[in-house]
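K.L.:
quick one, what's the 3D model for this:
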Amino acid sequence: MNNTYKFFKYTLPVFFLFSFTSCIQDDIVDYFAKDTETIESYLAKYDVQYRKTSTLPSSGSVYITPPNEGSREIPTANDLRIFEVKLDLRRFAQERIGDPVFDVEYGDLVGTSLLKDSTYTYAMRRGAICLGATDATLNTIMPNEVLERVFIPSYLAFGGTASSGIGLEFNDIVTLENFQITAQRSALSQASHEAELVLQYAKDSLENFTEIENDTLYNGTSKTVVDEDYYGESQPLELGDYIVKHTITEGKGDVVAIGDTVQVRYEGKFTDQDGEVFDSNTGSDAAKFQVVVFENAKAAQESSVSSTVINGWYKALRTMKIGEKAVFVMPSHTAYWETGDNPNTSDLFKTIRPFKPLVFTIELKEDDQ
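P.N.:
Model (predicted):
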């Protein structure tokens, strides 16, 4: 996995190339120069003071308004810091600059949120939702500084990308509003933080929840190897699972074991985002999900089964009996951890973003049900 420095150094030039060639146009536009002129002219028009960063090894800058001092630090070769920030990402309507109807006062062209997440969390070694947000993090003094507005040129945002569903246009300039780092953690302290979050969620949101039901799942006895080479030189990262279980309906027979095949009805939702359901097969027309039970996701991936599930599911299923229905609140390191549900796309377009604890209601059905 690339660290952030290498990500900046080698990915940014490729990103430029992709941006320029991803759409057929009559003329190739130098977006670096174009965005620089657009942002600086706009700020000059309203006499807005700013600081133009110079942190990224491959050049490129964001514009912090009003200007701050910042830390301007460059990530180390294997930067393992995890940051939690207040994220409010917005589109800047550059096409309306100078329009007497829309461009009346400074800030009129900053639109509604593309993504607002008060607990957006990311690993520095992978980078934030876009390079510009990573740059803003590197130029923020922790823990109390708030960057009122940060302008991010398209080549450090989502250059070459358009998504009508969220209102993102090709080569848009974006802004970060009231950007703030709220926490910096290690992998161990992030796991401890999420252990507290999942337990608090269970206490606040699960009906009739009174205490930890399966102590082995939560107390750290049950562990997951999250990354086999996290610290380098084949030194793994192993974390306690910290999964909270709450049984709704008791099952019968033996507890599910490795090698068993089970039929599952489930619903997955977030602990935040107002409990939004992101996946489910509980509808009357939905098929049951068949799962072959393994020790962990790695063992499943090394087998010949057609579908696999996250580590947290394999741990959860091995505490259940057929006919049982239970809720499991899982920290992210037993689910999608630092990558989210799709490691190959920006966090903006992911259903499950990095470091999101998840809630699964799982029911094991009889074969004929």
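
K.L.:
element containing Pro360?
P.N.:
Wrong residue type there; residue 360 is Phe, not Pro. strand 358-365 (DSSP states H and E).

K.L.:
and for Leu147?
P.N.:
Per DSSP H and E: Leu147 is located in strand 146-152.

K.L.:
and the following helix or strand past that strand, which residues are buried?
P.N.:
For strand 146-152, the following helix or strand on the C-terminal side (DSSP H and E) is strand 173-185. Buried residues in strand 173-185, counted by 16 or more other C-beta atoms under 10 Å: Ile173, Val174, Thr175, Leu176, Glu177, Phe179, Gln180, Ile181, Gln184, Arg185. All C-beta spots, glycine's among them, are computed from the backbone N, C-alpha and C.

K.L.:
name every strand pairing with strand 173-185 and say which way it goes.
P.N.:
Using DSSP bridges, strand 173-185 pairs in its sheet with strand 82-92 (antiparallel), strand 146-152 (antiparallel).

K.L.:
ok, Ile243 - contacts?
P.N.:
Contacts here follow C-beta atoms under 8 Å, 6 or more residues apart in numbering; on that basis Ile243 touches 198, 214, 217-218, 222, 312, 315-316, 328-331, 334.

K.L.:
right, and Ala123 touches Pro343 too?
P.N.:
No. Look at Ala123 against Pro343 with C-beta atoms under 8 Å: they stay out of range, at 11.3 Å.

K.L.:
of the two, who's got more company?
P.N.:
Per other C-beta atoms under 10 Å, whichever of Ala123 and Pro343 has more neighbours is Ala123, with 23 against 12.

K.L.:
in the stretch 101-250 of the chain, which spans are strands?
P.N.:
110-123, 146-152, 173-185, 223-227, 237-240, 244-249 (DSSP state E, counting those that start in this stretch).

K.L.:
now render those as a markdown table, adding mean pLDDT and distance to Thr210.
P.N.:
Shown next, in a markdown table, are the strands of the stretch 101-250 of the chain (pLDDT from 0 to 100; distance: least, C-beta to C-beta, whole Å):
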| stretch | mean pLDDT | distance to Thr210 |
| --- | --- | --- |
| strand 110-123 | 96 | 27 |
| strand 146-152 | 98 | 40 |
| strand 173-185 | 97 | 30 |
| strand 223-227 | 95 | 26 |
| strand 237-240 | 97 | 22 |
| strand 244-249 | 96 | 9 |
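
K.L.:
nearest to Lys365, of these?
P.N.:
Across those, Lys365 has its closest neighbour in strand 244-249 (11.4 Å, C-beta to C-beta).

K.L.:
one step back: so how far is the strand holding Phe360 off the chain centroid?
P.N.:
How far strand 358-365 lies from its chain's middle: 22 Å, per C-alpha atoms, centre = their mean, to the nearest Å.

K.L.:
neighbouring contacts of it?
P.N.:
Under C-beta under 8 Å, 6+ apart, the answer for strand 358-365 is 201, 248-249, 251, 256, 262-271, 275, 288, 312-313, 316-317, 320-330, 332, 335, 352.

K.L.:
Phe158: neighbour count?
P.N.:
Counted with other C-beta under 10 Å, Phe158 comes out at 28.

K.L.:
do the same with Val110
P.N.:
Around Val110 sit 16 other residues, with neighbours defined as other C-beta under 10 Å.

K.L.:
just to revisit the earlier point, possible to save the strands paired with strand 173-185 as a markdown table with distance to Pro75?
P.N.:
Converted to a markdown table, these look like this (distance: least, C-beta to C-beta, whole Å):
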| stretch | distance to Pro75 |
| --- | --- |
| strand 82-92 | 11 |
| strand 146-152 | 18 |
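
K.L.:
and of those strands, who's closest to Ser284?
P.N.:
Nearest of the strands paired with strand 173-185 (C-beta to C-beta): strand 82-92, 37.9 Å.

K.L.:
list the contacts for Ile212?
P.N.:
Leu199, Tyr218, Asn219, Val244.

K.L.:
got a ChimeraX select line for the buried ones in those?
P.N.:
The ChimeraX selection below is limited to those of those classed as buried (16+ other C-beta under 10 Å):
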select :199,218,244
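
K.L.:
which of the contacts of Ile212 sits closest to Gly70?
P.N.:
Comparing the contacts of Ile212 against Gly70 with C-beta to C-beta places Leu199 closest, at 36.3 Å.

K.L.:
domain parsing of the protein, as residue ranges.
P.N.:
Domain assignment for the chain by automatic domain parsing gives 4-185, 187-365.

K.L.:
what comes up buried for stretch 190-203?
P.N.:
Buried, per 16+ other C-beta under 10 Å, within stretch 190-203: Gln190, Ala191, Ser192, His193, Glu194, Ala195, Leu197, Val198, Leu199, Tyr201, Ala202.

K.L.:
again, but for stretch 275-291
P.N.:
Lys288, Phe289, Val291.

K.L.:
next one: the last one from Val226, what distance?
P.N.:
As defined by C-beta to C-beta, to the nearest Å, Val291 lies at a distance of 21 Å from Val226.

K.L.:
so which of the contacts of strand 358-365 belong to strands?
P.N.:
248-249, 262-270, 321-322, 325-330 (DSSP state E).

K.L.:
report the buried members of those residues.
P.N.:
Among the ones in strands among the contacts of strand 358-365, those buried by neighbour count (16+ other C-beta under 10 Å) are 262-270, 322, 325-330.

K.L.:
closest to Glu233 among the buried residues of stretch 275-291?
P.N.:
Closest approach to Glu233 among the buried residues of stretch 275-291 (C-beta to C-beta): Val291, at 34.8 Å.

K.L.:
tell me, what's the model's pLDDT at that closest one?
P.N.:
pLDDT for Val291: 96.
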